[in-house]
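1. sequence first, then the predicted structure, then my questions.
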Amino acid sequence: MKQNNMLAMILAGGRGSRLHELTKKVAKPAVYYGGKYRIIDFPLSNCANSGIDIVGILTQYESVLLNSYAAAGGRWGLDTRDSGVFVLPPREKAEENLNVYRGTADAISQNIDFIDTYSPEYVLVLSGDHIYKMNYAKMLAFHKELKADATIAVIDVPKKEASRFGIMNTDEDGRIVEFEEKPEHPKSTLASMGIYLFDWKLLRRMLVADMKDDSSNHDFGKDIIPKMLADGRKLVAYNFKGYWKDVGTIDSLWEANMDLLDKNNELDLDDPSWKIYTEDSNSLPHYIGPNANIKNAFITQGCIIAGEVKNSVLFTDVKVGEGAKIIDSVLMPGVEVEEGAVVTRALVADGVKIGKQAVVGSADSEHIELVAKRVKGAE
């Protein structure tokens with residue numbers, strides 16, 4: 001069912017600095033995930049599957065590849081006469097003489113004219129760097145049923161992790177009564193997923209006022225949502241049940257990939273009823289050599305495996321040489337591991353070559369080792 005009264009805006013401009021070398025030249029939403037996907041594929045596929053026709057993608061840092069990738073709306077079926085994916089970079093000049101969005105709310109404010117072109121009744125604001133599947137049409141139905149001014153998707157997180165998130169405290173009816181940004185002592189475990197649904201007319205008025213406020217951070221979490229609560233607006237929590245991962249660090253990106261090896265993984269990338277669309281690969285089918293040894297691995301097309309792969313995820317066109325061992329690791333597209341090399345608890349960036357007999361990572365390491373440059377081996 002088409003949701004012509006709802007338009008989506010995906011916030012895809014963050015630096016992603018905690019992903020280190022992976023985002024030095026590529027925007028975080030364009031980082032690879034799950035063998036053949038990019039992170040941005042998930043919110044875009046959710047939009048397509050939810051019947052949302054118009055999607056704006058707000059880009060900023062290292063956005064050249066992301067811009068060209070997202071502009072090909074046909075990947076998600078959003079390239080028809082009445083649909084489209086639109087890349088929307090910042091327009092304002094900052095002190096550094098760079099085009100920037102000053103905050104998440106400012107990103108929407110700078111594109112009010114774009115949104116007004118389609119006269120939506122509702123605007124859905126999404127983070128572009130999370131891994132999950134969600135039916136936004138159900139969230140809209142929930143919003144309408146409760147006659148809310150804004151609906152915020154939340155997920156119940158472990159108590160020990162709650163201080164890492166924006167926490168929504170609700171009453172017994174699910175109405176949000178307080179918002180705490182990364183509280184040291186959280187009162188609840190309902191974490192904001194960075195998915196906001198607003199009545200557009202109300203949000204538009206608030207954004208216009210926010211633009212004129214020099215003391216504002218121009219941010220949804222710090223300014224718009226607290227102002228709504230202070231004004232007595234009806235904000236409700238939409239409880240999401242399912243897989244959701246904020247892949248903001250090397251460890252969490254590794255974990256999200258490794259989750260695919262779990263037979264009971266809720267993400268289920270093979271679900272025909274909720275496909276995650278991405279660019280087509282021209283790679284040949286994968287080839288497993290006669291001496292290869294594979295246990296509990298996620299192998300993508302184009303891979304050539306002659307060595308041992310255990311509890312690991314291999315993206316397209318990865319090559320593993322004779323006698324090489326890949327253990328508890330994630331290898332991104334085009335990685336080549338030569339004969340006798342050993343890779344353990346590591347995330348290897350796309351195109352990296354690991355030389356003969358080289359040893360990368362350790363089974364005893366607390367954190368996952370990121371390998372972003374060539375590793376020389378035995379000559």
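-> Nice, I can see it. Numbers count the residues shown, from 1 in each chain.

2. nearest residue to Met211 in space, please, no chain neighbours.
-> Ranked by CB to CB, 6 or more residues apart in numbering and with sequence neighbours excluded, the top spatial neighbour of Met211 is Ser109, at 5.2 Å. For glycine as for every other residue, the C-beta is placed from the backbone atoms N, C-alpha and C.

3. was I right about that neighbour contacting Ala209?
-> No. Ser109 is not in contact with Ala209 according to CB atoms under 8 Å; the separation is 10.1 Å.

4. which one of these two is surrounded by more residues?
-> Ser109 (21 against 12; other CB atoms under 10 Å).

5. dump the residue contacts of the more buried one.
-> Applying CB atoms under 8 Å, 6 or more residues apart in numbering, we find Ser109 in contact with 207-208, 210-211, 218.

6. now the helices for the protein?
-> Taking DSSP state H to define them, one finds helices in the chain at 41-49, 64-71, 104-109, 112-118, 136-145, 200-211, 225-230, 250-258.

7. so which of those helices is nearest Leu124?
-> The closest of these to Leu124 is helix 136-145. By CB to CB, the value is 5.8 Å.

8. check the offset of the closest one from the chain's centre.
-> Centroid separation for helix 136-145 versus its chain: 22 Å, with CA atoms, centre = their mean, to the nearest Å.

9. for the one helix or strand in the chain whose mean pLDDT sits lowest, which residues meet the burial criterion?
-> Ranked by mean pLDDT, DSSP states H and E, the weakest helix or strand in the chain is helix 64-71, scoring a mean of 84. Applying a neighbour-count criterion of 16 or more other CB atoms under 10 Å, the buried positions in helix 64-71 are 66-67, 69-70.

10. and which of those is nearest Val123?
-> Nearest to Val123 among these is Ala70, at 18.4 Å by CB to CB.

11. still on that earlier bit, mean pLDDT for the helices of the chain: which is lowest?
-> Lowest mean pLDDT within the helices of the chain: helix 64-71, a mean of 84.

12. how distant is that one from the center of its chain?
-> Here helix 64-71 is found 15 Å from its chain centre; the criterion is CA atoms, centre = their mean.

13. hang on, the earlier thing: from the contacts of Ser109, which two are the most distant?
-> Largest pairwise distance in these, by CB to CB, is 12.0 Å, between Val208 and His218.

14. from Asp280, how far out is Leu314?
-> From Leu314 across to Asp280, the span is 19 Å (CB to CB, to the nearest Å).

15. likewise for Ser127?
-> Ser127 sits 26 Å away from Asp280, going by CB to CB.

16. out of the helices of the chain, nearest to Glu266?
-> Across the helices of the chain, Glu266 has its closest neighbour in helix 250-258 (12.1 Å, CB to CB).

17. enumerate every residue touching the spatially closest residue to Leu260 that is not a sequence neighbour.
-> Nearest non-adjacent residue to Leu260, counting by CB to CB, 6+ apart: Phe298, 5.1 Å away. Contact analysis of Phe298 by CB under 8 Å, 6+ apart lists 34-35, 257, 260-261, 312-314.
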